[in-house]
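In: Build me a model:
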Amino acid sequence: VLTCNMNGSMLLTCFTLVACLSVINALGPVFCGIAKNGGPPPMQKTTLSLTCTEPAATIASIDFASYGTPSGNCGSYVAGKCAAQNSTTVVQSLCIGKHSCVVYPNTTTFGDPCFGTAKILVVQAKCDVGSGSANPPAPLPPQTGNATININWELPTVNVSTVPSLQVVAHALLMRDSPIHDKLFQLLKELQPKHLRYVPWLPTPKLSVAELNPPSNYSLCGGEPVKDGWFVSLDCGTNGGVIDNVTFASYGNPTGHCGSYAQGTQHAPSSKSVVSQACLNRSTCSIDVSPQNFGVNFAGSLAVEVACSNRSKQHTYWNFTLVDDQFLDVWNAISGDDSEPIPNFSTAPTWLYSLDSYGYNDICTGSGSDHCTYGGYEKGQAPASARGGGQALGEYYGRLLSWYTKGGFSDEYGNSHISNHYLNITMYEIFNEVDYEHGYTPESYTVDFDHIVRGIRQFADPEKRIKFVGLSLPNIDDQDKVVSWAQYFLNASNHAEDTRDALQYIGYHSYPTGNFGPFNSDDSYAGFFKYIDSFMETVVAVDGIRKQLSPNTRTCLDESGVANGLQGLDQPLYFVAAGSYWAYLYARAAALGDVVKVVGQSQYMDSPDREAPVTMMNWVTGNGTAKYWINKLLIDEIQTGDIFMSTNVTGNDYLHAQAFLSKTSFRGVGSPYPYIRKVLLINKNNNNIDITFPGGWTDCVMLVVDSISNEGPPRTVECNHDNTVTLTPYATAIAFQQVA
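Out: Presented below is the predicted three-dimensional model:
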């Protein structure tokens, strides 16, 4: 007599091994389910349910279960680096012996095997009789489809004028004290991009805003009341003498602004003496903001106002220390003087919009947190109307760019600020996602756009060399909205006469909206590409407005990415699909001809404390993900001046192919021939595709970025002797053949 434990599910007693095996083999076929992480009920009611088809059948076996970052396909799952060890036993206890069961995939059910990582639950099961089903079901394993590429090498369609590029957003991991700084900038340098978009953004105001406090005339202040964990720093500056009088100091809950501070309901009596001891008779000083320093037992903020011995000194608060670090590192890595990047210092000083509050220390704590992520800086409604309003806004940006193009500037009081920077800035974008930030309307944005153009030309660009990018609208599912903005902004009569010549470019962003992941067909990564198909309808509609109102304007799609669907750094398929999404957008945009100037992938660096899914780089190691390598593949292999040729695909709707004649050879090396025949290939689904090329190709080679190459450079695949090759799920590749 043998007793078998069937995967912990049930005890089976039989007289021979053969008899036991026959019963085991008689179980129903494998079925699988996969569900995203959710909160415990009654929060997000994300569930995974298993049900046997036959009315009397019960779930007999849980062959595999993993809550974490599993990978593979139904029948061949493997646990990831993140895996709850109790996954199988928990699911068995909930499901074995039942006709159906429901499992909540969350940390209450399984514990948290990896805090901060996106997790999923995968289950593979069998019923004792007949088949079973799961909801949500797991996708079918990749199947191989067939496709034939048809190319007419004698029929050109467009000359390529669209540049593949990327955007870099200011981030703590790009700062010089980051452990992965050097690797990130080496890989950025190796990209050699043109028209890179650089955006210091509102989550990091100290990296993004060069004048965080408004000018304060003869008073020297520590800015908005500064909370615990920071230091208040004061500097009388050049020719300002020393601090000889503390005119106001209050640790507690002071109110007001520089020149009008007042004590609140809480006040440390030692405030003035502590500040005086730290600062009097010194040109600079720094005060630790903490209850211990002021001898009280309550948390608070510190407001300080002092006078310098040179009473004629008027004070501003321009500070480029952190702003310079990252911007200049990016500029130097990409040889900015030659590659025409598109800087966009998108976050303006909040004090130009709000008289009540312009703080930047409300959330970030700790003296070492100058470049931490902060969610409370942006305040006030557009247009800029505080402290000089639109004119002051324009002058702020004029001085900022003059710092970088003219070696410095004179501030609001005529004080000289010297940088010795003479960068060749030829393009500049005005603001980012403007209807989100400060609530701009087409009318108010146009007014402030004109102010900024005017200010930049006054201080930094009297020669009018800089070309401007306007709008920069956010993710768009509303075609009518984008069209209405374009109709207003591109109408020159809505602009001041002296800025009507600044309508050189408009921009808007591409982010697919939906619930994407490696799940069933409705939620799969294939949805990324369906989004592009609908997005291109908006591009065409907006271009119709452009042609009608401002035919010399071109479009910049300089922020194009995917903001959801990431399962973890150890899940390369997401990065492959997200990178191929951008490659597909580039291919579709470039095929329009002289319409889109640049398609930039979003974004070089991000991490779980911000928007992890958009990152092109591994935030732990600094390695490039598949998104980075797809970006590099297109930058290396497709150049402006290449020629798209007539191309179509038969037999498979999920393969995008674009043949082109290229001036560059294999891996971007200059060609000894007039042109090289190449084909851009993008697999838009989770199946392998067997591709047949046209006859006559010899020595065909394909550079492929996929889950196999992962965080490495494109792998080289040689075509078969019958001109066929297999493209793996969601992969991007470029096949090439040399011709004399």
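
In: Quick check: next helix or strand after the helix or strand containing Leu585?
Out: Per DSSP states H and E, Leu585 falls inside helix 572-590. The helix or strand immediately downstream of helix 572-590 is strand 596-601, counting by DSSP H and E.

In: looking just at contacts, which helices and strands does that following strand meet?
Out: Taking 3 or more CB pairs under 8 Å, 6 or more residues apart in numbering; DSSP states H and E as the contact definition, the neighbouring helices and strands of strand 596-601 are strand 163-169, strand 554-560, helix 572-590. Heads up, the C-betas are built off the backbone N, CA and C, glycines and all.

In: Adding mean neighbour count, write the ones you listed out as JSON lines.
Out: Converted to JSON lines, the helices and strands packed on strand 596-601 look like this (neighbours: other CB atoms under 10 Å):
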{"stretch": "strand 163-169", "mean neighbour count": "28"}
{"stretch": "strand 554-560", "mean neighbour count": "26"}
{"stretch": "helix 572-590", "mean neighbour count": "26"}
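
In: What number of residues are in the vicinity of the nearest residue to Cys52 once chain neighbours are set aside?
Out: Distances taken as CB to CB, 6 or more residues apart in numbering put Cys127 closest to Cys52, at 3.8 Å, once the chain neighbours are dropped. Here the neighbour count serves as a burial measure; for Cys127 (other CB atoms under 10 Å) it reads 24.

In: Relative to Ala138, how far out is Cys127?
Out: When CB to CB, to the nearest Å is the yardstick, Cys127 and Ala138 sit 16 Å from each other.

In: List the residues that contact the residue nearest to Cys52.
Out: Contact partners of Cys127, counting by CB atoms under 8 Å, 6 or more residues apart in numbering, are 27-28, 31, 52-54, 57-60.

In: Inside helices: which ones of the residues you listed?
Out: Judged by DSSP state H, the contacts of Cys127 include no members of helices.

In: residue ranges for the helices of the stretch 51-200 of the chain, please.
Out: Per DSSP state H, counting those that start in this stretch, the stretch 51-200 of the chain carries helices over the ranges 87-95, 107-110, 181-191.

In: From the contacts of Cys127, pick the one nearest Ser283.
Out: For the contacts of Cys127, the residue nearest Ser283 by CB to CB is Phe31; the value is 75.2 Å.

In: Can you report how many residues neighbour the closest residue to that closest one other than its chain neighbours?
Out: Spatial nearest neighbour of Phe31, chain neighbours left out: Gly132 (4.4 Å); criterion: CB to CB, 6+ apart. Here the number of neighbours of Gly132 (other CB under 10 Å) works out to 26.

In: Was I right to think Gly132 contacts Ser49?
Out: No: the pair Gly132 and Ser49 fails to qualify as a contact (CB atoms under 8 Å) at a distance of 10.5 Å.

In: in the stretch 551-700 of the chain, which segments are predicted with low confidence?
Out: Filtered on pLDDT under 70, the stretch 551-700 of the chain yields the residue ranges 666-674, 696, 698.

In: Tell me where it has helices.
Out: Under DSSP H, counting those that start in this stretch, the stretch 551-700 of the chain gives helices at 572-590, 626-637.

In: can you list those helices in CSV and add distance to Gln504?
Out: Shown next, in CSV, are the helices of the stretch 551-700 of the chain (distance: least, CB to CB, whole Å):
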stretch, distance to Gln504
helix 572-590, 18
helix 626-637, 23
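
In: mind checking which of the ones you listed is nearest Ser312?
Out: Smallest distance to Ser312 across those (CB to CB): 53.6 Å, for helix 626-637.

In: Touching the lengthiest helix in the chain from outside, list them.
Out: Of all the segments assigned as helix in the chain under DSSP H, the longest by residue count is helix 526-549. Contact with helix 526-549 is made by 476, 479, 482-483, 486-487, 490-492, 506, 508, 510, 512-514, 516, 553, 555, 557, 562, 565, 577-578, 580-581, 584-585, 588-589, 592, 595-596, 654, 656, 682, 684-686, as judged by CB under 8 Å, 6+ apart.

In: Name the residues of that helix that come out as buried.
Out: For helix 526-549, burial by neighbour count (16 or more other CB atoms under 10 Å) applies to 526-529, 531-532, 535-536, 538-539, 542-543, 545-546, 549.

In: now swap in stretch 510-517 and tell me
Out: Within stretch 510-517, the residues scored as buried using 16+ other CB under 10 Å are 510-512, 516-517.

In: what do you get for stretch 400-410?
Out: Buried residues in stretch 400-410, counted by 16+ other CB under 10 Å: 400-406, 408-409.

In: CA atoms of that stretch as PDB?
Out: Coordinates of the C-alpha atoms in stretch 400-410 are reproduced here as PDB (Å, rounded to 0.1, in the frame of the first residue of the first chain):
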ATOM      1  CA  LEU A 400      18.500  82.500 -15.800                       C
ATOM      2  CA  LEU A 401      19.500  81.900 -19.400                       C
ATOM      3  CA  SER A 402      21.900  84.900 -19.400                       C
ATOM      4  CA  TRP A 403      23.700  83.000 -16.600                       C
ATOM      5  CA  TYR A 404      24.300  80.200 -19.100                       C
ATOM      6  CA  THR A 405      24.800  82.100 -22.300                       C
ATOM      7  CA  LYS A 406      26.300  85.500 -21.500                       C
ATOM      8  CA  GLY A 407      28.600  84.700 -18.500                       C
ATOM      9  CA  GLY A 408      26.200  86.200 -15.900                       C
ATOM     10  CA  PHE A 409      23.700  89.000 -15.300                       C
ATOM     11  CA  SER A 410      22.800  92.000 -13.300                       C
END
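
In: roughly how far is it from the heart of the chain?
Out: How far stretch 400-410 lies from its chain's middle: 29 Å, per CA atoms, centre = their mean, to the nearest Å.

In: Also stretch 501-519?
Out: Distance, stretch centre to chain centre, for stretch 501-519: 11 Å (CA atoms, centre = their mean).

In: where does the stretch 301-450 of the chain dip in pLDDT?
Out: 357-376.

In: Which residues does Tyr508 form beta bridges with?
Out: Tyr508 has these beta-bridge partners by DSSP bridges: Leu473.

In: contacting residues around it?
Out: 471-474, 476, 482, 542, 555, 557.

In: hmm, try it at 10 Å
Out: For Tyr508, the set of contacting residues under the criterion of CB atoms under 10 Å, 6 or more residues apart in numbering consists of 433, 471-476, 481-482, 485-486, 535, 538-539, 542, 555-560.

In: quick one on the thing from earlier: among the helices of the stretch 551-700 of the chain, which is nearest Ser707?
Out: When the helices of the stretch 551-700 of the chain are ranked by distance to Ser707, counting by CB to CB, first place goes to helix 572-590 at 4.5 Å.

In: In CSV, list the C-alpha atoms belonging to stretch 417-429.
Out: The C-alpha atoms that make up stretch 417-429 are tabulated as CSV, following Å, rounded to 0.1, in the frame of the first residue of the first chain:
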residue,chain,number,x,y,z
HIS,A,417,26.4,87.8,-10.8
ILE,A,418,29.3,86.2,-12.8
SER,A,419,29.1,82.6,-14.1
ASN,A,420,31.6,82.5,-17.0
HIS,A,421,29.3,80.2,-18.8
TYR,A,422,28.9,80.8,-22.5
LEU,A,423,26.8,77.9,-23.6
ASN,A,424,25.4,77.7,-27.2
ILE,A,425,21.7,77.4,-26.3
THR,A,426,19.7,77.3,-29.5
MET,A,427,16.4,75.9,-28.4
TYR,A,428,14.3,76.6,-25.3
GLU,A,429,11.0,75.1,-24.2
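
In: Buried ones in it, by neighbour count?
Out: If you call a residue buried by 16+ other CB under 10 Å, then stretch 417-429 has these buried ones: 417, 419, 421, 423, 425-429.

In: ok, back up a step: give the residues shared as contacts by Gly132 and Ser49.
Out: 33, 100.

In: ok, back up a step: between the buried residues of stretch 417-429, which is nearest Ile635?
Out: Out of the buried residues of stretch 417-429, the member with the shortest distance to Ile635 (by CB to CB) is Met427, at 17.7 Å.
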